[in-house]
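Trainee: everything below, folded, please.
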Amino acid sequence: MRLYRDSSGDPRAHGETGKELLAQFLESDVQDSATLGRKILKVIDKIAGGHLDEWERTGNAYTLTLAPDGADIEPEMDDAEPLHLTLAELRDGVARWVDFLDESAAP
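Mentor: Model (predicted):
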């Protein structure tokens, strides 16, 4: 996934083939909030560690559902197929986004 800021300074993500929905989710629902990204990471860890059975959050354009068997990102605005990821795949993408936001924050 390629992460960058556009000419307006907004965070952007370009997803690899098959994982475009992850990039779109990060842009539209997590946006410039490293705090929300860290919250999602904590929930992923709780589920992976067996301390939480399921978690769901509907944001601006997607519903994210987390369970022990993985994560589903489901579009709320169109008929696109949901994206299923392992918890590790989602964790990697969100962690990269949070790191990017922290590193590229305006002074």
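Trainee: tell me where this protein is predicted with low confidence.
Mentor: 106-107 (pLDDT under 70).
Trainee: the helices in it, which residues?
Mentor: 20-25, 34-48, 87-104 (DSSP state H).
Trainee: CA-only coordinates of the shortest one in PDB, if you can.
Mentor: Extracted in PDB, the C-alpha atoms of helix 20-25 (Å, rounded to 0.1, in the frame of the first residue of the first chain):
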ATOM      1  CA  GLU A  20      -8.300  -1.300  -2.500                       C
ATOM      2  CA  LEU A  21     -11.100  -1.300   0.000                       C
ATOM      3  CA  LEU A  22      -8.600  -1.300   2.900                       C
ATOM      4  CA  ALA A  23      -7.000   1.900   1.500                       C
ATOM      5  CA  GLN A  24     -10.400   3.500   0.900                       C
ATOM      6  CA  PHE A  25     -11.500   2.500   4.500                       C
END
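Trainee: would you mind listing the buried residues in that helix?
Mentor: 21-25 (16 or more other Cβ atoms under 10 Å). Every residue, glycine included, has its C-beta placed from N, CA and C.
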